[in-house]
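S.K.: sequence first, then the predicted structure:
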Amino acid sequence: MISTQEIQEKRPPFSPEKLDFVQKIIKQFPDGREKSAILRVLHIAEEEFGGWLSPETMDYVAELLNIQPVEVYEVATFYTMFNVKPTGKFVFEVCRTGPCMLVGSDNIIEHIKNRLGIKNVGETSSDGMFTLKTAECLGACGYGPMLQCGKTYHEHLTPEKVDALIEEYRAKYSSSNNNN
Amino acid sequence: MGRKLLLEHIDVPGIETFDVYRQKGGYSSVEKALKTMSPAEVGEQVSKSGLKGRGGAGFPTGMKWSFLAKPDGVPRYLVCNADESEPGTFKDRYLMEKIPHLLIEGMITSSYALGANTSYIYIRGEYMFVLDILEKAIAEAYDKGFLGKNILGSGYDLDLFVAPGGGAYICGEETALLESLEGKRGNPRMKPPFPAIKGLYGCPTVVNNVESIATVVPIVNLGGDEYAKIGTEKSTGTKLISACGNLARPGVYEIELGLSVEEFIYGDDWCRGIANDKKIKALIPGGSSVPILPAHLITKTANGEDRLMSYESLSDGGFASGSMLGSGGFIVFDEDQCIVRNTWNFARFYSHESCGQCSPCREGTGWMEKVLYRLEHGEGNMRDIDLLADINKKIEGNTICPLGDAAAWPVAAAIRHFREEFEWHVTHPLKAQKGNYGLLTVPELK
């Protein structure tokens, strides 16, 4: 899970550069229709503020778009991509729908559970590094089994590839921490 | 190999960049339309082409365009539906990822035809990496004067933006998409009024699938009549098929409509047969929402005619012995696959994706999932099979949008064609928990 320290550090507002970008997104829509930018802005906010949408973050987005906080809450909880609770550093979303199941997604899900030492989908590994989720069809049906982590699709998965992937993300995390 | 109109240059290195795309004849439809044709003439060519919407419903695109209201002083919008979420479908992603300028070119030509000065591409949130590719291509098109003010000196202005979704299958339904694009929950709207009258922000709007909009490019280049000569009489042109499941060579293929299903599955140019030399057990030809076909109805229709990849041939026999071309999500099942398990999997999908607005769908999809879970896990009884049919009837036709129908049809078709397999799950509960019914005989499990 995200550490308390991180929760205190990664919180609104956006940096001036990010805010500039967000304002440009809002201007893509007609005057008075700023609310149209909500999904894009929530995606950006999630990325910037620790991988989840805290009530504070959602209130901040409401302020930016000049709408009521409840309008942000109802959207954030309707769309399944948004995390309204803290997650691990990396979220593995494994596609579980028909075409992926036909080529073995069930085995991949079991394998990830075992490797991370967790019992159920939705849980986070004890080191707080990985959260396992399942997703419905991600549009990679011909290249399954697959999982999404952040913006990246990892396709044609095998247990060996999953092992390598877990190591890769661990390495990525430690190197980014060393740089800080 | 058949004729390629969309993917002809897909393997050219650098085709994702403006310069290479332009060298290969890209953006010629924009030049032709803006310099030599009136907006109405572009619409006429699309009508003549016989193009049917490539998102799944197959509604004639030219007719959809002709419904667009044109009151004075009210903006009109073209919205591209890139919320590709139908299980088995990944063709739009392939097109946008590999050759983004084709979609942008189609958006410019189509927006011109409809008189839209602002257009949006609504893309599913999971395709965020594709959104980056599209925005990069759009920036190039602005740079080269194909977007923005006074395009090619024609006096026509167009702004084009990409907006992401947030992970909701329902937003592929056009009115749910518009709600989502307005920043709200994706609950479909009551129709009428249709989007052509009251769409985005209450203004006249056309919503078209990625592939439909991309197809406007070859239609304008060739002319509607020439385009209509490709394919069959009722299914004109080419179609992207995303083939998946237990195939030797899954992937995205552009076919000329009218290719035989047998050739597509087994041909060397296409899928090269079933993976691991197994036998085929079933096929879902057009995305998870269309009826499943058992082995004996795949390459031949019930009348014994060759089954072709076309709107009319795939639906030959109606729901009794046919299916639909749908979105082109072509899912193949080999002899080892369990139909009950797959039906349960899809029922779970629809239950998960129901927006919850209409109770028949919200409750019914949940019930179907639970009943199918029971059957698949050896806990069901014979009455459950009829119970499914009963739930089906109560969902179908009783909801605001077609998600309810889409959830009901696959279950009905699976029971219609594979009832014995459902019954076997009831009579052999222990075996059902460990294995599956197989293709021809009941496997003896240890």
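M.R.: Here it is on my side, so go on.
S.K.: residue 25: what's it in contact with?
M.R.: Went with chain A since none was named. A:37, A:40-41, A:44 (CB atoms under 8 Å, 6 or more residues apart in numbering or on different chains). C-beta: built from backbone N, CA, C; applies to glycine.
S.K.: not quite, go with chain B.
M.R.: With contact taken as CB under 8 Å, 6+ apart, residue B:25 is in contact with residue B:221.
S.K.: ok, back up a step: out of the contacts of residue A:25, which comes closest to chain B?
M.R.: Within the contacts of residue A:25, proximity to chain B (CB to the nearest CB) peaks at residue A:40, which comes in at 5.7 Å.
S.K.: how far away is the closest residue to that closest one other than its chain neighbours from residue B:295?
M.R.: Setting aside the residues directly before and after it, residue A:40 is nearest to residue A:25 in space (CB to CB, 6 or more residues apart in numbering or on different chains), at 5.2 Å. Plainly put, residue A:25 is 50 Å away from residue B:295 if you go by CB to CB, to the nearest Å.
S.K.: just the element for the residue nearest to residue A:40, please.
M.R.: helix A:16-26 (DSSP states H and E).
S.K.: please apply the same query to residue A:93.
M.R.: For residue A:93, the host element (DSSP H and E) is strand A:90-95.
S.K.: let me see the ranges of the strands in the chain.
M.R.: Picked chain A for this. Taking DSSP state E, the strands of chain A run over residues A:90-95, A:130-135, A:147-149, A:152-154.
S.K.: actually chain B
M.R.: Listed in chain order (using DSSP E), the strands of chain B are B:77-82, B:118-123, B:159-164, B:205-209, B:238-245, B:251-256, B:280-284, B:293-294, B:329-334.
S.K.: select, out of these, the one closest to residue B:353.
M.R.: strand B:329-334 (15.1 Å; CB to CB).
S.K.: tell me the angle of the closest one relative to strand B:238-245?
M.R.: Following axes from the mean of the first three to the mean of the last three CA atoms, to 10 degrees, one obtains 30 degrees for the angle between strand B:329-334 and strand B:238-245.
S.K.: touching strand B:329-334 from outside, list them.
M.R.: Contacting residues not belonging to strand B:329-334 are listed as A:98-99, A:102, A:141, B:86-91, B:241-247, B:264-265, B:271, B:274-276, B:278-288, B:339, B:342 [CB under 8 Å, 6+ apart].
S.K.: derive a ChimeraX selection command for the buried subset of these.
M.R.: Only the buried members of these end up in this ChimeraX selection, burial being decided by 16 or more other CB atoms under 10 Å in any protein chain shown:
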select /A:98,99,102,141 /B:86,87,88,89,90,91,241,242,243,244,245,246,247,264,265,271,274,275,278,280,281,282,283,284,285,286,287,288,339,342
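S.K.: now, the contacts of strand B:329-334 that are in helices?
M.R.: When DSSP state H is applied, these are split such that A:98-99, A:102, B:91, B:264-265, B:339, B:342 fall in helices.
S.K.: ok and the residue in chain A nearest chain B?
M.R.: Taking CB to the nearest CB as the measure, the point where chain A comes nearest chain B is residue A:79, at 2.8 Å.
S.K.: check contacts around that residue.
M.R.: The neighbours of residue A:79, taking CB under 8 Å, 6+ apart as the test, are A:39, B:125, B:165-168, B:186.
S.K.: mind doing that once more with 10 Å?
M.R.: Listed by CB atoms under 10 Å, 6 or more residues apart in numbering or on different chains, the contact set of residue A:79 reads A:38-39, A:42-43, B:125, B:165-168, B:171, B:180, B:185-186.
S.K.: gap between it and residue A:27?
M.R.: Applying CB to CB, the value for residue A:79 to residue A:27 is 23 Å.
S.K.: go on, residue A:95?
M.R.: Separation of residue A:95 from residue A:27 (CB to CB) stands at 35 Å.
S.K.: which of these two has more residues huddled nearby?
M.R.: Summary of the neighbour comparison: residue A:95 and residue A:27, criterion other CB atoms under 10 Å in any protein chain shown, with residue A:95 having more neighbours (29 against 12).
S.K.: now do the same for that one: its pLDDT.
M.R.: Here the pLDDT value assigned to residue A:95 is 97.
S.K.: hey, what's it bridged with?
M.R.: Residues in a beta bridge with residue A:95, per DSSP bridges, are residue A:135.
S.K.: show me where pLDDT drops low in chain B?
M.R.: The model of chain B has pLDDT under 70 over residues B:1, B:438-446.
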